[in-house]
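# The following comprises the amino acid sequence and a computationally predicted model.
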Amino acid sequence: MATATLTSKGQITIPAQVRASLGLNAGDRIEFIDLGDGKYAIIAAIQPVQSLKGMIRKPAAPVSIEDMNAAIAAHGAAAK
């Protein structure tokens, strides 16, 4: 099991084996995901935005720019 020590400034050094396993390099970002019960998961946030392609399905019917503008205008008018 890899361990790290928290400094007085609230910093830790991620052990080399953990960095290697996550594919982390200097300057990479990581995310801490709250799992509840005082547990967290560490996720490497190094995937390019292109990796998100396909996560959201396409709408059943295409929406035109005019329809989008009308919806924005209607919402804006209702908010005032």
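Done, it's in. Note that this is a predicted model, so its numbers are computed, not measured.
# Does Asp67 lie in a helix or a strand, and which?
Take DSSP states H and E as the rule and Asp67 turns out to sit in helix 65-79.
# tell me the contacts of Leu22?
By Cβ atoms under 8 Å, 6 or more residues apart in numbering, the contact list for Leu22 reads Ile30, Ile42, Ala44. C-beta: built from backbone N, CA, C; applies to glycine.
# And for the second one, the neighbour number?
Okay, so that is Ile42. Neighbour count for Ile42, taken as other Cβ atoms under 10 Å: 13.
# May I ask which helix or strand encompasses it?
Going by DSSP H and E, Ile42 is in strand 39-44.
# Alpha carbons of that strand, in PDB - could you do that?
Extracted in PDB, the C-alpha atoms of strand 39-44 (Å, rounded to 0.1, in the frame of the first residue of the first chain):
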ATOM      1  CA  LYS A  39     -13.500   7.900   1.500                       C
ATOM      2  CA  TYR A  40     -12.200   9.600  -1.700                       C
ATOM      3  CA  ALA A  41     -11.200   8.400  -5.100                       C
ATOM      4  CA  ILE A  42      -8.300  10.000  -6.900                       C
ATOM      5  CA  ILE A  43      -8.900  10.400 -10.700                       C
ATOM      6  CA  ALA A  44      -6.400  11.600 -13.200                       C
END
